[in-house]
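Peer 1: Model the following, please.
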Amino acid sequence: MKAVPLPVGSPFVASRVADYIELAKPRVLLLVLLTVAAGVLLAARGAPDPIYVVHVLCGTALVAAGASALNQLFERQSDALMHRTERRPLPGGRLRPLEVGILGIWLGGAGIAYLAFTLPHMLAAGVAAVAFLGYAFVYTPLKSRTTLNTLVGAVPGALPPVIGWTAITGSIGPEIVSLFVILFFWQVPHFLAIAWMYRHEFARAGLEMLPVRDEHGTKTGRQMVVYCLALVPASLAPAAMGLAGPVYLIGALVIGLAFLNCAGNFARATSDARARRMLQASLIYLPALLALLVVDAKSSGVALALWH
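Peer 2: All right, here's what the predicted structure looks like:
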C-alpha cells in the first residue's frame, strides 16, 4: 500500500518542526547572534558589508544550533529528572537520540564549513569550531563531574563576538580580547543565578553546580560579587583602548555598578527572589553594554573620520 504524505500544515509536522526548533534553544541562540553581531559591527568600525553579516550570522546560527542539539542529546537522562527540562524533545520521547545526534553533528559541521567558504577569513570558522567542540564535548560532560564546569563553559560562551570580529578582520587583537573577557566574567554570575534558582533540580539530576554543594549560598554569593567586581574594570577596557568614547565609559560604569549591587544584595541575603533579580539584571546588562559599545564606537568612528 502506498504511503500517503502528510500535509505540511498537519499537527504532526508542526509538532516536529517545533521540536527541532526547541533543540536549537532559540533564546540562547538569539543572545549568541547578538554578540556575534556586536563583534562584526565593532570590527567594521562603521557599516559592514551586508553579505558578510548574513554569512557570519547564518553560519554561527548553524554551529550554535548543532552544539545545543548535542548538549540535549548528552543530557537527555538528567533532563528527564528535572521539571524545567523533562518536556524537551528527547526526554519527552518525541525525538530519537540517533536522529538528534546526526542532526547536531551535521548542523555543527555545516555551519563551520559555511563560515569557511563564505567569509574572506578562515579564522572565523576555526573559532566557531573551537566553540562548538568546547561546548558540546568538554563543557557538557563536565557538568556531571565538577563545579568548575561553569568556568569551562564560559570559554565557548564568550567566543561568538570573536567569530564576528575575525570574520571581518581575520585576526585577533586586544580589542576583541577585551570583549571576550567581558563575556567570560558576565557568564559566571549569570549562570550561578540560574543554578541557585534550580539547585534542587540540579541536585536530583546529579549535576555538579556550585549552589548544589553550597547549602547557604555563601560561596555562590561571594563568586557572584567577585566576578561582577572584575567585570567593572574589564568593561571599561574598550574605552581605554580607544574602541569607544566617554558615553560608553560612563554608561558601562553605571550599569556595571548596578549589576554589582544586585550581586551584593544576593550575597547579603540569599533567596530565590534575589537570584531571579540577579538573572534579570544579567539579561539587561549584556545587551545594554553591547548597545552602548557599538553605538559609541560607531559615533566615535564617524567623528574621527569627519575630523580628518
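Peer 1: where in the chain is pLDDT low?
Peer 2: For the chain, the stretches flagged by pLDDT under 70 are 1-12, 46, 298-308.
Peer 1: so where's the longest helix in it?
Peer 2: helix 272-307 (DSSP state H).
Peer 1: who does it touch, helix- and strand-wise?
Peer 2: helix 26-44, helix 174-197, helix 218-240, helix 246-268 (3 or more C-beta pairs under 8 Å, 6 or more residues apart in numbering; DSSP states H and E). C-betas here are computed from N, CA, C, even on glycine.
Peer 1: Quick one: these as a markdown table, columns for distance to residue 71 and mean neighbour count too.
Peer 2: Listed next are the helices and strands packed on helix 272-307 as a markdown table, based on distance: least, C-beta to C-beta, whole Å; neighbours: other C-beta atoms under 10 Å:
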| stretch | distance to residue 71 | mean neighbour count |
| --- | --- | --- |
| helix 26-44 | 10 | 20 |
| helix 174-197 | 14 | 22 |
| helix 218-240 | 23 | 20 |
| helix 246-268 | 27 | 18 |
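Peer 1: The ones you listed: which one's closest to residue 277?
Peer 2: helix 246-268 (6.0 Å; C-beta to C-beta).
Peer 1: how big is the angle separating the closest one from helix 272-307?
Peer 2: 170 degrees (axes from the mean of the first three to the mean of the last three C-alpha atoms, to 10 degrees).
Peer 1: what angle do helix 246-268 and helix 174-197 make?
Peer 2: Using the same axes, to 10 degrees: helix 246-268 against helix 174-197 is 30 degrees.
Peer 1: outside of helix 246-268, which residues touch it?
Peer 2: Identification of contacts with helix 246-268 by C-beta atoms under 8 Å, 6 or more residues apart in numbering yields 189, 193, 196, 217, 220-222, 224-225, 227-229, 231-232, 235-236, 238-239, 274-275, 277-278, 281-282, 284-285, 288-289, 292-293, 295-297, 299.
Peer 1: can you do 6 Å?
Peer 2: 189, 221, 224-225, 228, 232, 235-236, 239, 274, 277-278, 281, 285, 288, 292-293, 296 (C-beta atoms under 6 Å, 6 or more residues apart in numbering).
Peer 1: still on that earlier bit, distance to residue 152 added to the helices and strands packed on helix 272-307, as JSON lines?
Peer 2: Converted to JSON lines, the helices and strands packed on helix 272-307 look like this (distance: least, C-beta to C-beta, whole Å):
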{"stretch": "helix 26-44", "distance to residue 152": "17"}
{"stretch": "helix 174-197", "distance to residue 152": "11"}
{"stretch": "helix 218-240", "distance to residue 152": "15"}
{"stretch": "helix 246-268", "distance to residue 152": "21"}
